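[1] pasting the structure only:
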């Protein structure tokens with residue numbers, strides 16, 4: 001029996017997670033066995049367990065019929081806290097959140113607003129906002145060191161930038177690290193998201209980092225260019241995405257690029273764009289690269305086409321992706 005199983009049994013939480021959530025994943029396995037779990041609940045459970053979507057899906061499909069095997073797979077990441085297990089149980093059963101979490105929500109509610117009226121107006125009109133100093137420079141440096149350690153590289157040495165093991169062009173598959181955990185739990189970030197979602201009852205994503213070095217003739221930009229992270233087979237709903245710059249990032253430095261205001265257009269013309277995102281040059285609609293300082297965070301409406309861009313500067317763009325959202329109704 002793994003430590004995670006022991007913890008679940010000791011807390012009396014095994015039943016809800018196994019009988020409610022695990023049975024749900026097995027039904028999806030039977031009906032759509034293409035190694036993808038589309039459910040918003042799955043995403044939320046993985047985030048609360050402290051694993052990425054890829055790690056969670058891999059754990060499910062590596063242990064298709066064994067809940068104990070799934071727990072053993074997850075336990076190896078050493079990322080699941082007792083408090084978050086209690087949160088999963090509460091969300092799945094409809095019980096109140098743990099007292100410590102309710103206290104956190106009260107603290108966030110009592111904080112001064114992070115986003116100004118001007119910020120919120122920009123959000124409504126353009127679909128993105130910049131949160132200044134979401135992380136301080138010490139926190140940024142801690143995450144950069146974690147990324148460097150994960151990649152086993154000295155990121156100050158340009159000779160090493162193009163030999164790194166990254167995925168999808170610029171993604172660093174670092175998920176579990178104390179520096180990332182600290183960054184994900186910054187109250188200033190939580191407050192900003194609570195203003196956009198109109199609730200403090202939010203969970204934080206367990207997401208990756210990014211490293212986008214300057215392009216060269218030998219190492220051209222590998223993408224991703226403008227795209228959506230949406231499932232067009234389901235009704236589209238409001239959602240957010242976010243990125244924290246860990247170093248000063250100029251617009252030409254591979255900065256996050258969006259099409260401001262496109263959330264209004266997509267909502268009205270879903271059928272026109274469904275299944276065609278690889279056929280459309282979204283830059284024609286007026287794309288904008290968003291530069292900002294180290295520690296600043298860009299949050300954008302998930303209806304905006306977004307992506308990186310070629311890094312035409314002399315230094316890499318280094319980032320951490322952080323999102324927050326309410327647990328979906330079961």
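    Yes, it's here. What you see is a predicted model; the values in this text were computed from it and never measured. Residues are numbered from 1 along each chain as shown.
[2] and stretch 163-172, what's its mean pLDDT?
    Averaging pLDDT along stretch 163-172 gives 84.
[3] end to end, how far does it reach?
    Terminal residues of stretch 163-172 lie 13 Å apart, using CA to CA, to the nearest Å.
[4] Give me the buried positions along that stretch.
    By neighbour count on 16 or more other CB atoms under 10 Å, the buried set for stretch 163-172 is 164, 166, 170, 171, 172. C-betas here are computed from N, CA, C, even on glycine.
[5] which residues in this structure form helices?
    With DSSP state H as the criterion, the chain has helices at 3-11, 14-16, 23-31, 40-49, 53-62, 67-75, 82-93, 99-110, 117-126, 137-151, 178-184, 187-197, 262-268, 270-273.
[6] Including distance to residue 294 and mean neighbour count, could the ones you listed go into CSV?
    Converted to CSV, the helices of the chain look like this (distance: least, CB to CB, whole Å; neighbours: other CB atoms under 10 Å):
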stretch, distance to residue 294, mean neighbour count
helix 3-11, 36, 15
helix 14-16, 42, 17
helix 23-31, 39, 13
helix 40-49, 25, 22
helix 53-62, 27, 18
helix 67-75, 33, 19
helix 82-93, 29, 19
helix 99-110, 24, 13
helix 117-126, 20, 14
helix 137-151, 5, 18
helix 178-184, 13, 18
helix 187-197, 15, 20
helix 262-268, 27, 17
helix 270-273, 35, 13
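[7] which one of these has the lowest average pLDDT?
    Per-stretch mean pLDDT for the helices of the chain is lowest at helix 23-31 (a mean of 70).
[8] before we move on, back to that, would you format the helices of the chain as JSON lines with distance to residue 226 included?
    Converted to JSON lines, the helices of the chain look like this (distance: least, CB to CB, whole Å):
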{"stretch": "helix 3-11", "distance to residue 226": "40"}
{"stretch": "helix 14-16", "distance to residue 226": "40"}
{"stretch": "helix 23-31", "distance to residue 226": "30"}
{"stretch": "helix 40-49", "distance to residue 226": "23"}
{"stretch": "helix 53-62", "distance to residue 226": "21"}
{"stretch": "helix 67-75", "distance to residue 226": "34"}
{"stretch": "helix 82-93", "distance to residue 226": "34"}
{"stretch": "helix 99-110", "distance to residue 226": "33"}
{"stretch": "helix 117-126", "distance to residue 226": "15"}
{"stretch": "helix 137-151", "distance to residue 226": "25"}
{"stretch": "helix 178-184", "distance to residue 226": "26"}
{"stretch": "helix 187-197", "distance to residue 226": "22"}
{"stretch": "helix 262-268", "distance to residue 226": "10"}
{"stretch": "helix 270-273", "distance to residue 226": "12"}
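[9] pLDDT at residue 32, what is it?
    On pLDDT, residue 32 comes in at 56.
[10] about what we covered before: is it possible to export the buried residues of stretch 163-172 to CSV including distance to residue 143?
    Shown next, in CSV, are those (distance: CB to CB, whole Å):
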residue, distance to residue 143
164, 16
166, 16
170, 16
171, 15
172, 10
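[11] which among these gets closest to residue 60?
    Nearest to residue 60 among the buried residues of stretch 163-172: residue 171, at 21.1 Å, using CB to CB.
[12] Assess the claim that the closest one and residue 212 are in contact.
    No. Counting by CB atoms under 8 Å, residue 212 is not a contact partner of residue 171; they are 9.5 Å apart.
[13] Give me the common contacts of those two.
    Common neighbours of residue 171 and residue 212 (criterion: CB atoms under 8 Å, 6 or more residues apart in numbering): none identified.
[14] Tell me the buried residues in stretch 200-210?
    Those would be 200, 202, 203, 204, 205, 206, 207, 208, 209, 210, for stretch 200-210 by 16+ other CB under 10 Å.
[15] Which residue, other than its chain neighbours, is closest to the last one?
    What it means is residue 210. Residue nearest to residue 210 in three dimensions, not counting chain neighbours: residue 319, with 4.4 Å by CB to CB, 6 or more residues apart in numbering.
[16] Tell me who's in contact with that neighbour.
    The contact partners of residue 319, by CB under 8 Å, 6+ apart, come to 209, 210, 212, 243, 244, 245, 246, 249, 256.
[17] For the fifth one, give the beta-bridge partners.
    Put plainly, it is residue 244. The partner list for residue 244 in beta bridges (DSSP bridges) reads residue 297, residue 320.
[18] Tell me if I'm right that it and residue 299 touch.
    No. Using CB under 8 Å, residue 244 is not in contact with residue 299; the gap is 9.9 Å.
[19] Count the residues that sit near the residue nearest to residue 52 when sequence neighbours are not counted.
    Counting by CB to CB, 6+ apart, residue 52 lies nearest to residue 175, which is 4.7 Å off, once chain neighbours are set aside. By the criterion of other CB atoms under 10 Å, residue 175 has 20 neighbours.
[20] Can you name the residues that contact residue 175?
    50, 51, 52, 55, 77, 79, 206, 207, 208.
[21] For these, give me JSON lines that also has distance to residue 151.
    As requested, those are exported to JSON lines (distance: CB to CB, whole Å):
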{"residue": "50", "distance to residue 151": "21"}
{"residue": "51", "distance to residue 151": "20"}
{"residue": "52", "distance to residue 151": "17"}
{"residue": "55", "distance to residue 151": "18"}
{"residue": "77", "distance to residue 151": "18"}
{"residue": "79", "distance to residue 151": "19"}
{"residue": "206", "distance to residue 151": "19"}
{"residue": "207", "distance to residue 151": "17"}
{"residue": "208", "distance to residue 151": "12"}
